[in-house]
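# Got a sequence here, can you build the structure:
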Amino acid sequence: MPENTAYGLSVRWSLASAPADVAQQLRDYVVGSSLQRFTGMSGLRFKTWRMREGEWFEGTYVWGGAAERDTFAAEFAATAADSPGSKIIGSAPVSIEPFEVVAVAEGAVGFAAGGGPGRG
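Numbers count the residues shown, from 1 in each chain. Below is the predicted model:
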């Protein structure tokens, strides 16, 4: 198996006090502009946006190097409260955490980019 250098970062917001329509607003924002911003970004392997309606919304980033991850994390942390996600949700992230990516497996269906099933 080839070595997979990958360094993770998660940014999570609480949706507990967010507006009632925040889930759809976040879907529209991610598919409408955030997806394009991160597609092809230098140093980034992939980004996944995850959500549990009424509970939390998260950006999960996997970078090719620790320096790229750490630079992005520091820059984001400095402006997190004013980020588009924070403005939509009405609060700053509750956590910004680097993590170790132990391994990544691609299944038979393969990776796909684009909006998820909750789009409609």
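
# C-alpha from now on. contacts and neighbour counts both.
Fine.

# okay, and for this protein, where does confidence drop off?
1-3, 119-120 (pLDDT under 70).

# So in it, which helix runs the longest?
helix 66-79 (DSSP state H).

# Could you list the residues in contact with it?
6, 7, 8, 9, 43, 44, 62, 63, 96, 98 (C-alpha atoms under 8 Å, 6 or more residues apart in numbering).

# Let me know the closest of these to residue 52.
Proximity of these to residue 52, judged by C-alpha to C-alpha, is greatest for residue 96, which lies at 17.5 Å.

# Who are the contact partners of the closest one?
9, 10, 11, 12, 73, 77.

# quick one: contacts for residue 81?
So residue 81 contacts 87, 91, 92, 93 (C-alpha under 8 Å, 6+ apart).

# okay if I get these as CSV plus secondary structure and neighbour count?
Output for the contacts of residue 81, formatted as CSV (DSSP: H, G, I helix; E, B strand; the rest coil; neighbours: other C-alpha atoms under 10 Å):
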residue, secondary structure, neighbour count
87, helix, 12
91, coil, 18
92, coil, 20
93, coil, 21
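
# Does the residue most central in space within the chain have any beta-bridge partners, and if so which?
Nearest to the geometric centre of the chain sits residue 59, at 1.7 Å (C-alpha atoms, centre = their mean). Beta-bridge pairing of residue 59 under DSSP bridges involves residue 11, residue 49.
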